[in-house]
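Participant: Structure for this input, please:
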Amino acid sequence: MAETERTRGAARASITSTLRNVVDPFREFVQTEASGGILLLICAVFALLWANSPWDDLYDDLFHTYITISVGDYGISASFAHWINDGLMAIFFLVVGLEIKREVLVGELASLRRAALPIAAAIGGMVVPALIYVAINAGGEGSHGWGIPMATDIAFSLGVLAVLGSRAPATLKVFLTALAIVDDIGAVLVIALFYTADVSLNYILLSAGILALLVIMNLLGVRRTMPYIILGIGLWIAVYQTGVHATVAGVLLALTIPARHSLSASELLARGRQILEEFEEVDRTDDLGRRILTDGRYASALHEVEQIKRALQSPLQQFEHSLHPWVAYLIVPLFALANAGVSLGGEFGSMITEPVTLGVIAGLFIGKQLGITGFTWLGVKTGLMNLPSGIGWRQIHAVACIAGIGFTMSLFIANLAFIGNAEHGARLLDDAKIGILVASLLSGVMGYILLRSSKPVREEAPE
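Facilitator: Down below sits the predicted model:
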């Protein structure tokens, strides 16, 4: 009898572990983003130190080295930094797209009622910073950079909350994640609509054709990941040639990845019971560990558990699970290393007073606070929305500060905004980078202090 219980317990543990891996993606997502944010900070600081060291020439030489990838007569030649920004960051945008799709289907954006508050907060956190930047740079050579302070870096932001531990309630992390993902949607739209060069109609038609094939595969129930990878590479090449920024291909690909798993709840229960029965049929007097190695029925039952696990994981989950660590621990830190290096020299004092720098700082540090807190307040006071449980206005204000950490996406948009300005692009880009670094530091520190000193909501006296 004891052996039977151990056998059934082992089977239940296997099934429970499988289900836990499938239905609990948010905790893993937050943990990966938080630890990735710490690595991102290290790389950003290292890049800044390297660019202002006696070895700054090595920094420039490394990221301006040209790399050519060719197949037959067709090839793409670009600098190492360009491959990072246009190539590897397409994978980053693929993961962003997968996160957006997951949140829309089953997360905080799945219903209008739950999504209303983070959507309103995100809109405020994009519109107000952009308006502040435009007010400071209107008519100037840096006016094209209005999209820079609209962004929120989800990795850095969740990293700040992770450092705070229990001071940051789970509902606050969910709210910030949903807000940042809506912010990502806005950033993608801004990049596609306003930071795009002259477009090629032929390649747009080719991109549309590849995208249509991807949609058809989804509708036909194709669940193998390799066809999506192959067509996804083709989509990236086509979009790269259109004049639309190539990273948009990552988001488009993500929207076509199937999110449905191939196993219903009734099938799961039936197959689970069958596995338990197969375990019970084995001789109960034998050693369980030895039987797993020698008895084909054990091996078959365990193989069945693995099949259930694969069936419960949709292609979207498979892509996100496999790519997210690469993005958090390699691609985004490498992007920071390639883009955060600004040679300050003795010019920091003058750079900090430039209109672009001031616009970015004011937009991210002040605009995010005004926009997110203000739009959230309006939504709640009109009775259309409710604050999440366990969150008070001090926590909302703190999140608004933390959302001013615009690092990764802000740097990305800054490159798009100024890299094509042959006359002053490099200087404007450096001014923007200084503004992003200063604003992100101020926002992170102030948000941390506000949350660190805040009391639990139940101890406050809300209206």
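
Participant: Identify the residue spatially nearest to residue 334, adjacent ones excluded.
Facilitator: residue 84 (5.9 Å; C-beta to C-beta, 6 or more residues apart in numbering). From N, CA and C alone the C-beta is placed, and that goes for glycine too.

Participant: what separates the one you found from residue 93, distance-wise?
Facilitator: Relative to residue 93, residue 84 is positioned 13 Å away (C-beta to C-beta, to the nearest Å).

Participant: And the two? Which one has more around it.
Facilitator: Neighbours were counted for residue 84 and for residue 93 using other C-beta atoms under 10 Å; residue 93 has more, 26 against 20.

Participant: Surely the more buried one is in contact with residue 248?
Facilitator: Yes - contact between residue 93 and residue 248 holds when scored by C-beta atoms under 8 Å: they sit 7.1 Å apart.

Participant: Please enumerate the shared neighbours of these two.
Facilitator: Common neighbours of residue 93 and residue 248 (criterion: C-beta atoms under 8 Å, 6 or more residues apart in numbering): residue 188.

Participant: Doesn't residue 78 belong to a helix?
Facilitator: No - when DSSP: H, G, I helix; E, B strand; the rest coil is applied, residue 78 is found to be strand, with no helix at that position.

Participant: got a list of what the residue nearest to residue 223 when sequence neighbours are not counted touches?
Facilitator: Spatial nearest neighbour of residue 223, excluding adjacent residues (C-beta to C-beta, 6+ apart): residue 315 at 5.5 Å. Counting by C-beta under 8 Å, 6+ apart, residue 315 makes contact with 223-225, 228, 257-259.

Participant: can you list the residues you listed in a markdown table and add secondary structure, distance to residue 343 and pLDDT?
Facilitator: Formatted as a markdown table, those follow (DSSP: H, G, I helix; E, B strand; the rest coil; distance: C-beta to C-beta, whole Å; pLDDT from 0 to 100):
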| residue | secondary structure | distance to residue 343 | pLDDT |
| --- | --- | --- | --- |
| 223 | coil | 49 | 84 |
| 224 | coil | 48 | 85 |
| 225 | helix | 42 | 87 |
| 228 | helix | 42 | 93 |
| 257 | coil | 41 | 91 |
| 258 | coil | 47 | 89 |
| 259 | coil | 45 | 82 |
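
Participant: Show me just the buried residues among those residues.
Facilitator: Among the contacts of residue 315, those scoring as buried are 223, 228, 257-259 (criterion: 16 or more other C-beta atoms under 10 Å).

Participant: Farthest pair within these?
Facilitator: 228 and 259 (12.5 Å; C-beta to C-beta).

Participant: got any ranges where the stretch 251-400 of the chain has weak pLDDT?
Facilitator: Confidence mapping of the stretch 251-400 of the chain against pLDDT under 70 gives the ranges 261-312, 345-350.

Participant: Mind jotting down where the helices sit in the stretch 351-463 of the chain?
Facilitator: In the stretch 351-463 of the chain, the helices defined using DSSP state H, counting those that start in this stretch lie at 355-361, 368-381, 393-402, 407-418, 425-452.

Participant: what would those look like in TSV with mean neighbour count?
Facilitator: Below are the helices of the stretch 351-463 of the chain laid out as TSV (neighbours: other C-beta atoms under 10 Å):
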stretch	mean neighbour count
helix 355-361	26
helix 368-381	21
helix 393-402	25
helix 407-418	26
helix 425-452	21
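
Participant: how about those helices, which one is nearest residue 199?
Facilitator: Between the helices of the stretch 351-463 of the chain, helix 407-418 lies closest to residue 199; by C-beta to C-beta that is 14.6 Å.

Participant: That closest one packs against which elements?
Facilitator: Under the contact criterion of 3 or more C-beta pairs under 8 Å, 6 or more residues apart in numbering; DSSP states H and E, helix 407-418 touches helix 25-51, helix 154-164, helix 170-194, helix 332-339, helix 425-452.
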